[in-house]
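Trainee: coords below, sequence missing:
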């Protein structure tokens, strides 16, 4: 283990554990106004009128007419209004906000205000949608000939459901407008996204907007774009609040029903096989975007690029669409499109192997990509692909092959066991040329006269430990004790835009910028002087520039890799399954802090297991999210996965700090594939959708 | 106190209950979910009579105010009840939740109530003017409907211990802790020299009230294992008809299938 | 009107004069500014608001103030001044068991409740003991390890 990997006490450990850390909901509320959003009860409707309401003294309402700038939330395509104008597009679409000094009175008024709607026809099922938000097509080789020459062609459809981030801290913001400047703080991953969105909605120049990230109780993607929406709403209210702070903290039900989730998907895989080898894939992916586009374009892009999995498929055709429905807009969630297609391709490979009479693992091993192979977008896997070694590690930890063979010949008894394996990657950092063309990250180091060094960057610590790992990198290069390097929660008045905290990019990309900045500072270090150095992102030379129109080039500079096995036991009388163990090998390059990285791996792995099974979220006949509480949307408890073992495999990335690459999202991405492969063995049947419930298991089991 | 009464004797509690429009607060773990109720709470945690556990003539008297944790730690609590209680929610809920509250909430998903149903337990209902003993099956009238008078409190569960040793219990839930039963099953069976001396089953979380059909179970009682084998299919068919599940977070078809699977497994367990 | 509800809060005698039906969680956060008690759901389903009531773990969102009369309540603010906390703190720090931190104060009090009852718990007992405290970040392994190690290193404290 490298010295940098050795774990330290996390920078934010003490205040979080002793309860003195302030999250946005913890600020004293004296003098604050409370806001409550009134939302559409219809999936699709025309707003006829907002009935006049006699408000008590000190209370007011804001709607789209009160937006001083442009009534659009800046995300990617800015079709999300701050407040709805003529129509509402999903149940929960914000129409107005009630603001006032007493929270209960605000709640009461929000419940009493009458908005008159004319309901319009709504599209609730993505299969019925005729509105295409995004449609991408790409491929390589000659799939038509490959299909024409195939020994056999397989076709299956796979479906994945919603997943709710279920961060323990709900969304919240507090905003103040004073002296022509809007200041806002709250729970978020991307202060500069919020900054840009508010400047547009309020019509303010960038210097008149200040965004500060509060200590954030989990994000997992859920606090990437959604905080921009909430911040605009709260900022508009604050703009009209006469200098008083306006506070909106969601309760759990509001958060679960109306904030973005993982996109449900439908994927059709057509696969050509010749001489027991996959020669072509023709893949059609549909994501349910919900009522507005938000992040769907970029989520879909990542999902499509990953669609052929870790397999070398020479002839490929991929089509992907994000379709509009009148349901809550879906957005970022750890994995960002990857979990949907990786589930599909892993199951598809299992099913083909089964049909060919071959065990899935050797079948997959025969198809693995290796260094120098072409990616799905005609880029190159520039660095070694360590999957064969990692599979061996998983085999060693789990006893996969032996268990697999044993369970293949199990007698028909009440409790049936199965074990499955899944293999995947996660492209490290932004998809395509996002870093080069859009983010253009800037970081600074500021040394005080007393020799303390402060990191100036816009990364949010959302629990993943970025405060600690960035400080470790800088301290290491400067040979300073860790206490001498500090990193405060980002404040856009003080820090440059080093980009958002997303896409497993912070440590790899910003961490490397800071490492170089530290080397720079070291070379110019003058004792007792106040010094600042700056470092800007430069695209690595080896990268084949990515063309987003054609989906050609290197979508990612490098990849994080994973292999995992899951073992289950199914009660065939009830369909209930028990995870007996989950084992995984992860390669995220050099762990900058071993405990932190293992914590990310274990937590992400668990979210992936939940995604495949107990995390069931559905809409009712009106398109309203039914599972809106922790008693209805179940996430794993400490008793659900008793054995969970993770090994860090290190394949260094020469352009990441000390060899580190993207980590945060990887562990979740392929877990459903391993879990469901195990369930397939236990139940001796095909599985084509997640989440897979006890009911699915039982009714399926009795059918076969 | 404002909006609350804190009696420290049963007599006091019953007088308050009679004289005021109050909501009994036992453990609070159901009552406190959702919006706050208007009106006043009658807090029962400090009423010592509701905490008593004692054995009398083969009947275990359980104070309705006993928490799940207290009963899990009590030496007189039978193993079956402990098994069911230990799977309720999680420690913090078990520390406050009570059996009286579990019953008084009126849900067919109440894991302790299922055990009281299968044991043919009775409830002691007291008011300032009198006491009555009601079989638990007569206490549940329908969905969230209970035969509790507005001036009464559930004060004790009278649990006959005689047939509780031989049992099969199964809670079906979507995760291993903090989980509401989606189906629960308990079967009691005692064999005496190859003859079925007692048989009782109950199905929870399946329909509006826990399903307990002694008239069906009596088909087996008094018969030898051999005799039962001949009527086994009639017994299963009778339950197939009796179990009419409601649709909830799982389908009625699933509930039905699991109930019958577990019933069949119960018979297989005793090799009948 | 009679006097308020009196109780011990982190070792001090305090009084509350509002409604007996109000949640303990709200009173701790709003009236006593004890914001280490987190609100994750208000339905008893997450454990972020865990406190000790007469030494036992409870969800403060599920406790009405009338229940608290005469009781002793310990929140993370009080518990963090104890030697037992110091042992748990060191154990959690050593394995980086704190990620986003929102579940952590409740998780610490759940850890205390486990060790107070069973000074040397098995892994199974630990997992059962924290089963009402949801953590979305860690996958629980680090927390389980931390409690095991606190039990070992803090030998004699519990």
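Mentor: On my side now, so go ahead. As the structure is a prediction and not an experimental result, all values here were calculated from the model.
Trainee: going forward, measure contacts between C-alpha atoms and count neighbours the same way
Mentor: OK.
Trainee: pLDDT wise, what is residue C:35 at?
Mentor: Model confidence at residue C:35, expressed as pLDDT, equals 98.
Trainee: Check the secondary structure at the closest residue in space to it that isn't next to it in sequence for me.
Mentor: Of all residues not flanking residue C:35 in the chain, residue C:29 sits nearest, at 5.1 Å (CA to CA, 6 or more residues apart in numbering or on different chains). Three-state call for residue C:29 (DSSP: H, G, I helix; E, B strand; the rest coil): helix.
Trainee: from the stretch 301-450 of chain A, which residue is nearest to chain B?
Mentor: Nearest residue of the stretch 301-450 of chain A to chain B: residue A:414, at 9.3 Å (CA to the nearest CA).
Trainee: where do the helices sit along chain C?
Mentor: All helices of chain C, identified by DSSP state H, fall at C:24-26, C:65-68, C:76-79, C:83-94, C:104-117, C:123-129, C:141-153.
Trainee: Isn't the residue of the stretch 301-450 of chain A closest to chain B up against residue A:575?
Mentor: No. Look at residue A:414 against residue A:575 with CA atoms under 8 Å: they stay out of range, at 10.1 Å.
Trainee: who has more neighbours, these two?
Mentor: residue A:575 (24 against 13; other CA atoms under 10 Å in any protein chain shown).
Trainee: Does the residue of the stretch 51-200 of chain B found nearest chain C lie in a helix or a strand, and which?
Mentor: In the stretch 51-200 of chain B, the residue that lies nearest chain C is residue B:92 (4.3 Å; CA to the nearest CA). Secondary structure from DSSP states H and E places residue B:92 in helix B:91-96.
Trainee: cool, residue A:106 as well?
Mentor: Going by DSSP H and E, residue A:106 is part of helix A:103-112.
Trainee: What mean pLDDT does that helix get?
Mentor: For helix A:103-112, the per-residue pLDDT averages 97.
Trainee: And that helix, what's buried?
Mentor: Going by neighbour count (16 or more other CA atoms under 10 Å in any protein chain shown), the buried part of helix A:103-112 is A:103, A:105, A:106, A:107, A:109, A:110.
Trainee: is it possible to export the residues you listed to CSV including distance to residue A:673?
Mentor: Formatted as CSV, the buried residues of helix A:103-112 follow (distance: CA to CA, whole Å):
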residue, distance to residue A:673
A:103, 46
A:105, 49
A:106, 46
A:107, 44
A:109, 48
A:110, 44
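Trainee: In CSV: these, plus distance to chain C.
Mentor: Below are these laid out as CSV (distance: CA to the nearest CA, whole Å):
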residue, distance to chain C
A:103, 12
A:105, 17
A:106, 17
A:107, 16
A:109, 21
A:110, 20
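Trainee: okay, now the residue in chain C that chain B sits nearest to: neighbour count?
Mentor: Nearest to chain B, among the residues of chain C, is residue C:58, at 4.3 Å (CA to the nearest CA). For residue C:58, the neighbour count with other CA under 10 Å is 31.
Trainee: which residues touch it?
Mentor: B:91, B:92, B:93, B:95, B:96, C:50, C:51, C:52 (CA atoms under 8 Å, 6 or more residues apart in numbering or on different chains).
Trainee: any weak-confidence spans in chain C?
Mentor: Along chain C, the parts satisfying pLDDT under 70 run over C:1-2.
Trainee: And it, split by domain according to the record?
Mentor: Using automatic domain parsing, the domain ranges for chain C come out as C:5-78, C:82-153.
Trainee: Could you check how far the last one is from the centre of its chain?
Mentor: Taking CA atoms, centre = their mean, to the nearest Å, the mean C-alpha location of domain C:82-153 is offset from the chain mean by 11 Å.
Trainee: can you check the longest one too?
Mentor: In terms of CA atoms, centre = their mean, the centre of domain C:5-78 is found 10 Å from the chain centre.
Trainee: And for stretch B:239-257?
Mentor: 19 Å.
Trainee: Also stretch A:401-412?
Mentor: A distance of 36 Å separates the centroid of the chain from that of stretch A:401-412, by CA atoms, centre = their mean.
Trainee: Does chain B have contacts with that stretch?
Mentor: No. Stretch A:401-412 is not in contact with chain B by CA under 8 Å from any CA of the partner chain; minimum separation 14.4 Å.
Trainee: who's in contact with the residue nearest to residue A:384 when sequence neighbours are not counted?
Mentor: Computed as CA to CA, 6+ apart, the closest residue to residue A:384 that is not its neighbour in sequence is residue A:371, at 4.8 Å. By CA under 8 Å, 6+ apart, residue A:371 lies in contact with A:380, A:381, A:382, A:383, A:384, A:385.
Trainee: now residue A:149
Mentor: residue A:274.
Trainee: any idea how far chain C is from it?
Mentor: For residue A:149, the distance to chain C equals 47 Å [CA to the nearest CA, to the nearest Å].
Trainee: how far away is that residue from chain B?
Mentor: 45 Å.
Trainee: do residue A:158 as well
Mentor: Remark: distance between residue A:158 and chain B (CA to the nearest CA) = 22 Å.
Trainee: So that residue sits against residue A:270, correct?
Mentor: No. Counting by CA under 8 Å, residue A:270 is not a contact partner of residue A:158; they are 11.4 Å apart.
Trainee: who has more neighbours, the two?
Mentor: residue A:158 (21 against 18).
Trainee: you'd agree the more buried one is in a strand?
Mentor: Yes. Under three-state DSSP, residue A:158 falls within a strand.
Trainee: show me what contacts it?
Mentor: A:265, A:266, A:267, A:268, A:344, A:688, A:689.
Trainee: From these, which land in strands?
Mentor: Among the contacts of residue A:158, DSSP state E puts A:265, A:266, A:267, A:268, A:689 in strands.
Trainee: Just put those residues in JSON lines and tack on neighbour count.
Mentor: As requested, the ones in strands among the contacts of residue A:158 are exported to JSON lines (neighbours: other CA atoms under 10 Å in any protein chain shown):
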{"residue": "A:265", "neighbour count": "24"}
{"residue": "A:266", "neighbour count": "23"}
{"residue": "A:267", "neighbour count": "24"}
{"residue": "A:268", "neighbour count": "20"}
{"residue": "A:689", "neighbour count": "22"}
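Trainee: just the residues you listed now: which is nearest chain B?
Mentor: residue A:689 (17.0 Å).
Trainee: how near is the closest residue to the closest one other than its chain neighbours to residue A:316?
Mentor: Closest residue in space to residue A:689, ignoring its immediate chain neighbours: residue A:159 at 4.6 Å, by CA to CA, 6+ apart. Separation of residue A:159 from residue A:316 (CA to CA, to the nearest Å): 21 Å.
Trainee: follow-up on the earlier one: out of the contacts of residue A:371, which end up buried?
Mentor: Buried by 16+ other CA under 10 Å: A:380, A:381, A:382, A:383, A:385, out of these.
Trainee: Just put those in JSON lines and tack on secondary structure and distance to residue B:233.
Mentor: JSON lines is the format used below for the buried ones among the contacts of residue A:371 (DSSP: H, G, I helix; E, B strand; the rest coil; distance: CA to CA, whole Å):
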{"residue": "A:380", "secondary structure": "strand", "distance to residue B:233": "65"}
{"residue": "A:381", "secondary structure": "coil", "distance to residue B:233": "64"}
{"residue": "A:382", "secondary structure": "coil", "distance to residue B:233": "67"}
{"residue": "A:383", "secondary structure": "coil", "distance to residue B:233": "66"}
{"residue": "A:385", "secondary structure": "coil", "distance to residue B:233": "60"}
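Trainee: which two in those are spaced the farthest apart?
Mentor: The largest separation in these, counting by CA to CA, is between A:380 and A:385 at 11.5 Å.
Trainee: okay if I get the contacts of residue A:371 as JSON lines plus pLDDT?
Mentor: Converted to JSON lines, those look like this (pLDDT from 0 to 100):
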{"residue": "A:380", "pLDDT": "98"}
{"residue": "A:381", "pLDDT": "98"}
{"residue": "A:382", "pLDDT": "98"}
{"residue": "A:383", "pLDDT": "98"}
{"residue": "A:384", "pLDDT": "98"}
{"residue": "A:385", "pLDDT": "98"}
